[in-house]
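**Q** give the three-dimensional model of this entry:
(chains A and B)
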Protein chains: 2
Amino acid sequence: MASKASIPKGTRDFSPLEVSRRHYIISAIEKHFKTFGFQPIETPTFENSETLMGKYGDEGDRLIFKILNSGDFLRKLNSDVYSSQDSLKLSTQISEKALKYDLTVPFARYVVQHQNEIDFPFKRYQIQSVFRADRPQKGRFREFLQCDADVIGSDSLWQEVEFIQLYDAVFSSLGLEGVTIKMNNRKILSGLAEVIEESDKLVDFTVALDKLDKIGEEGVKKEMLDKGISENALKNIQPIFSLEGDFSTRIKLLKSLLSNSEVGQKGIQELEFIEKALQSLPLKMAKLDLDVTLARGLNYYTGAIFEISAPEKVKMGSIGGGGRYDDLTGIFGLKNKMSGVGVSFGLDRIYLVLEELDLFPKAIEESTKVLFINFGEEEALYALKAVNALRTSSVAAELYPDAAKMKKQMTYADKRNIPYVVLAGSTEMESEVYNFKDMNSGEQESFNLEELINKLSN
Amino acid sequence: MASKASIPKGTRDFSPLEVSRRHYIISAIEKHFKTFGFQPIETPTFENSETLMGKYGDEGDRLIFKILNSGDFLRKLNSDVYSSQDSLKLSTQISEKALKYDLTVPFARYVVQHQNEIDFPFKRYQIQSVFRADRPQKGRFREFLQCDADVIGSDSLWQEVEFIQLYDAVFSSLGLEGVTIKMNNRKILSGLAEVIEESDKLVDFTVALDKLDKIGEEGVKKEMLDKGISENALKNIQPIFSLEGDFSTRIKLLKSLLSNSEVGQKGIQELEFIEKALQSLPLKMAKLDLDVTLARGLNYYTGAIFEISAPEKVKMGSIGGGGRYDDLTGIFGLKNKMSGVGVSFGLDRIYLVLEELDLFPKAIEESTKVLFINFGEEEALYALKAVNALRTSSVAAELYPDAAKMKKQMTYADKRNIPYVVLAGSTEMESEVYNFKDMNSGEQESFNLEELINKLSN
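**A** Residues are numbered from 1 along each chain as shown, chains lettered A, B, ... in the order given. Now for the predicted structure:
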């Protein structure tokens, strides 16, 4: 029976051009991961459910895709659970595996499981699909690729410096000007809450502050007041609503604001370390910014917090982010606390940004470089000898498979964006040459095999 | 609560060395896919269940991993189905999606869904994970990577010639000598069944013949007799049990055996076409063999059948295979029959073969090329300037993140297989040089930045 040809909502097919463009971005990211000394690992597409459940909060648990046990999954089922007709209870009985939700938890599991094979500090990168049963919408998918780099087993601030360099290197090599690397530090946020004597309201405070560009200064203040933060407290942190100037200037302003907070001063020292290093190691294209409203991942970040903004002229928001966490492997029972820091690149959004700014190299659109026209069996054999020699020289070459009408074959070359065509009939075979046609200019030339290879292998 | 760190049975973590070795093979395959004019596509990790179910037989249906519907999946359930407590019936009600079982059916679905965007003949390649709820055993996994190339929309025999060339090119570039490309043709098998007047027993006949290397000539004959094939028939095909000689010789023997079968002669003509082409286009390393016992995928192959054998000294069996099918897209309602032909590379087994024969290049084991020893903040900054310059020249370089004891840092370089170390303390900083140490020879030299880059960027 014929089935309808469709795919699940929130998932995507990628056409040859889309795959090539995605690979162009992935290669740039991967190349820099490697030159920065990160090593690749891969983990399975699905994990044991107990590895994932409970690690992302209640909302996360609901968004995890669960895999039905194979075979007669009801056979060993507790009949009370079955008669309760409770989806949640039943799912834990009929499903033991679940699709990856992110790369961080599987990485933590990997580190604990393979701790005796790993030389710490362990710099790993991982580029794999993750899955979320989220409501699909523009730019949000149920399967998407994550590109992560993390260092685990070192609390050195040089790592933070290196991640800033890494972001700069990747976006520079993609030719993306105007990227802003926004930084904050959990210790700065804790310090601010301490200074205004509202440490117990840290989460409410940062959640409200995080909304500054959405609801404005008045909106943030109203929310803070609603959450019980005092008028007086708001007066004391008034300067953070009008932080201006470059990275260094902002640090100085914050430093005086946080002069009475030990944890705040610790945060300032960390930022100063980074500032000093980057004065000697200037960024190529990206701009570093200090943004005290940045609070992403507050639940687990304990130090630096990064978020990457696309160039302002593109309305895209964050195209990457990360931060430092103190004890990721504790969830899998590793007793020695392992400090780590990591970043992620948002492939789908970077794709949309490069597309909008027309920054994909034209060469990506070209797959096969030369098509040999098929004039019949003998001619095809003559053509294939050249095709073989070209392929050996790493030139992508094709013979049209059938001796179809000339027009059909030329149309195929045109539609496929193949820039050159070779026509070799009996006349060319006699003189051992190939008639070479440039599809753009229409110019034709006659080459022997060696000349043909030279022409095409540059 | 701490969870145990483990992964589902039949799945694997890949360490940095394993990922690098796998990528070495994948790159070789992908490079040749591209030079042969194949274009990449990617399809989602999971498909709608109706796309997959019923396409692989009953056994296949059972091996497909099903994804539990999200949310309260019992809410809309038919209560009769629920009270029946039938796993199979229930699964169709609580699961709408399933993990990819192979790349062929999703490819057929892709072609039908995107037929108006595709220029036929469509040469596509696809390298993605597939999933089977099989009993895990040595060399058989529940998640594994498939590397497929197919052409759809052309019945030209040049495709078969090209796939033979492709296999030869890939295994040559991996340095794997002794690979045999075994070929058969469905039309030859049909012809043999016709000649012995047992056409209605074609499947029994080929299934028995396929077991020749396992159960021997007598075993095969016994099975055929058991299935009702006559003594006389066996006498008539006696020559196929002792087919000897090279590809051409075997074709000649079969040709006379099949002289009275029209379909058999058609099969012979196809083999002769390939034989003639390969005389002008000799293979580099692989050997082509005609094996009439080869019957893999008889259900859907209609012409050529390929199977690749690892070198004999490695006990591994098939490391790839494929064949021609006449109407793959019919299952998704495409009315114009589209002939296709495709091949697959078995990554996991190729990996084991290269490992056993020690054919992985040593360079794969090296990730970072040079480690800079960390002597403190000022020295680290001096080191990072060189690290940055090296990375810009595509050299993988690292700074040890902490000013740890010298021995600890050197041990790290050693364990990580990093071949060079740079030591730069205050003395070196003053003279603007870097002390460069070869970890193998122990030799040390003093270089300025330019010399260092020249030394390492080759």
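**Q** correct me, but residue A:134 touches residue A:142?
**A** Yes: assessed by C-beta atoms under 8 Å, residue A:134 is found in contact with residue A:142 at 6.4 Å. (C-beta placed from N, C-alpha, C; glycine too.)
**Q** and the two? Which one has more around it.
**A** residue A:142 (24 against 15; other C-beta atoms under 10 Å in any protein chain shown).
**Q** next up, the contacts around that one.
**A** A:8-11, A:65, A:131-134, A:136 (C-beta atoms under 8 Å, 6 or more residues apart in numbering or on different chains).
**Q** what number of residues lie near residue A:214?
**A** 8.
**Q** what's the distance between it and residue A:362?
**A** Separation of residue A:214 from residue A:362 (C-beta to C-beta, to the nearest Å): 38 Å.
**Q** for the stretch 101-250 of chain A, which residues are neighbours of chain B?
**A** Residues of the stretch 101-250 of chain A lying close to chain B (C-beta under 8 Å from any C-beta of the partner chain) are A:109-110, A:112-114, A:117, A:119, A:121, A:123-124, A:129, A:131, A:133, A:143, A:151, A:154, A:156, A:158-159, A:161-162, A:165, A:169.
**Q** what ranges in the stretch 201-350 of chain A fall below the confidence cut-off?
**A** Applying pLDDT under 70 to the stretch 201-350 of chain A flags residues A:297-298.
**Q** ok but residue A:391 is inside a strand, no?
**A** No: counting by DSSP: H, G, I helix; E, B strand; the rest coil, residue A:391 is not found in a strand; it is helix.
**Q** can you show me the CA trace of stretch A:318-325 as PDB?
**A** Extracted in PDB, the C-alpha atoms of stretch A:318-325 (Å, rounded to 0.1, in the frame of the first residue of the first chain):
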ATOM      1  CA  SER A 318      21.500  34.700  20.500                       C
ATOM      2  CA  ILE A 319      23.600  32.500  18.200                       C
ATOM      3  CA  GLY A 320      25.600  30.900  20.900                       C
ATOM      4  CA  GLY A 321      26.300  30.800  24.600                       C
ATOM      5  CA  GLY A 322      27.800  29.100  27.600                       C
ATOM      6  CA  GLY A 323      29.400  29.500  30.900                       C
ATOM      7  CA  ARG A 324      31.300  27.900  33.900                       C
ATOM      8  CA  TYR A 325      29.800  25.300  36.100                       C
END
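**Q** hmm, back to that, quick check on the contacts of residue A:142: which are buried?
**A** Among the contacts of residue A:142, those buried by neighbour count (16 or more other C-beta atoms under 10 Å in any protein chain shown) are A:8, A:10-11, A:65, A:131-133.
**Q** and these, which two are furthest apart?
**A** In terms of C-beta to C-beta, those reach their longest pairwise distance at A:8 and A:132, which sit 12.8 Å apart.
**Q** how many residues are close by residue A:431?
**A** 9.
**Q** kindly report the same for residue A:395.
**A** Residue A:395, neighbours per other C-beta under 10 Å, totals 20.
**Q** same deal with residue A:369?
**A** Quick note: residue A:369 (other C-beta under 10 Å) scores 18 neighbours.
**Q** so it sits against residue A:456, correct?
**A** Yes: using C-beta under 8 Å, residue A:369 makes contact with residue A:456 at a distance of 6.0 Å.
**Q** now the common contact residues for those two.
**A** Both residue A:369 and residue A:456 are contacted by A:395, A:397, A:420, under the criterion C-beta under 8 Å, 6+ apart.
**Q** ok, back up a step: same list, the contacts of residue A:142, but as JSON lines with distance to residue A:433, pLDDT and secondary structure please.
**A** Shown next, in JSON lines, are the contacts of residue A:142 (distance: C-beta to C-beta, whole Å; pLDDT from 0 to 100; DSSP: H, G, I helix; E, B strand; the rest coil):
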{"residue": "A:8", "distance to residue A:433": "53", "pLDDT": "96", "secondary structure": "coil"}
{"residue": "A:9", "distance to residue A:433": "55", "pLDDT": "94", "secondary structure": "coil"}
{"residue": "A:10", "distance to residue A:433": "54", "pLDDT": "95", "secondary structure": "coil"}
{"residue": "A:11", "distance to residue A:433": "50", "pLDDT": "97", "secondary structure": "coil"}
{"residue": "A:65", "distance to residue A:433": "59", "pLDDT": "97", "secondary structure": "coil"}
{"residue": "A:131", "distance to residue A:433": "55", "pLDDT": "97", "secondary structure": "strand"}
{"residue": "A:132", "distance to residue A:433": "58", "pLDDT": "96", "secondary structure": "coil"}
{"residue": "A:133", "distance to residue A:433": "61", "pLDDT": "95", "secondary structure": "coil"}
{"residue": "A:134", "distance to residue A:433": "60", "pLDDT": "91", "secondary structure": "coil"}
{"residue": "A:136", "distance to residue A:433": "56", "pLDDT": "86", "secondary structure": "coil"}
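**Q** give me the contacts around stretch A:256-263.
**A** A:187-188, A:190-192, A:194-195, A:237, A:239-240, A:264-265, A:267-268.
**Q** tell me who's in contact with the nearest residue to residue A:15 once chain neighbours are set aside.
**A** Distance criterion C-beta to C-beta, 6 or more residues apart in numbering or on different chains; nearest residue to residue A:15, sequence neighbours excluded, is residue B:41 at 6.4 Å. Counting by C-beta under 8 Å, 6+ apart, residue B:41 touches A:13-16, A:19, B:107, B:110, B:124-126.
**Q** next, give me the two most distant ones among those residues.
**A** A:13 and B:125 (14.5 Å).
**Q** and residue A:124, which of the three is it?
**A** strand.
**Q** in space, what's closest to it - neighbours in sequence excluded?
**A** residue A:41 (5.1 Å).
**Q** go ahead and confirm residue A:179 touches residue A:308.
**A** Yes: applying C-beta under 8 Å, one finds residue A:179 in contact with residue A:308, separated by 6.3 Å.
**Q** what's the overlap in contacts for these two?
**A** A:167, A:171, A:319.
**Q** list just the nearest of those to residue A:391.
**A** residue A:171 (34.8 Å).
**Q** from the contact counts, what lies against the one helix or strand the closest one maps to?
**A** Here residue A:171 sits within helix A:158-173, counting by DSSP states H and E. Applying 3 or more C-beta pairs under 8 Å, 6 or more residues apart in numbering or on different chains; DSSP states H and E, one finds that helix A:158-173 contacts helix A:16-35, strand A:143-152, strand A:180-185, helix A:262-280, strand A:301-309, strand A:318-325, strand A:340-346, helix B:377-392.
**Q** redo the ones you listed as JSON lines? Include mean neighbour count.
**A** Listed next are those as JSON lines, based on neighbours: other C-beta atoms under 10 Å in any protein chain shown:
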{"stretch": "helix A:16-35", "mean neighbour count": "19"}
{"stretch": "strand A:143-152", "mean neighbour count": "22"}
{"stretch": "strand A:180-185", "mean neighbour count": "24"}
{"stretch": "helix A:262-280", "mean neighbour count": "18"}
{"stretch": "strand A:301-309", "mean neighbour count": "23"}
{"stretch": "strand A:318-325", "mean neighbour count": "23"}
{"stretch": "strand A:340-346", "mean neighbour count": "25"}
{"stretch": "helix B:377-392", "mean neighbour count": "19"}
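**Q** now those in JSON lines, with distance to residue B:294?
**A** Converted to JSON lines, those look like this (distance: least, C-beta to C-beta, whole Å):
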{"stretch": "helix A:16-35", "distance to residue B:294": "32"}
{"stretch": "strand A:143-152", "distance to residue B:294": "37"}
{"stretch": "strand A:180-185", "distance to residue B:294": "58"}
{"stretch": "helix A:262-280", "distance to residue B:294": "64"}
{"stretch": "strand A:301-309", "distance to residue B:294": "54"}
{"stretch": "strand A:318-325", "distance to residue B:294": "51"}
{"stretch": "strand A:340-346", "distance to residue B:294": "46"}
{"stretch": "helix B:377-392", "distance to residue B:294": "51"}
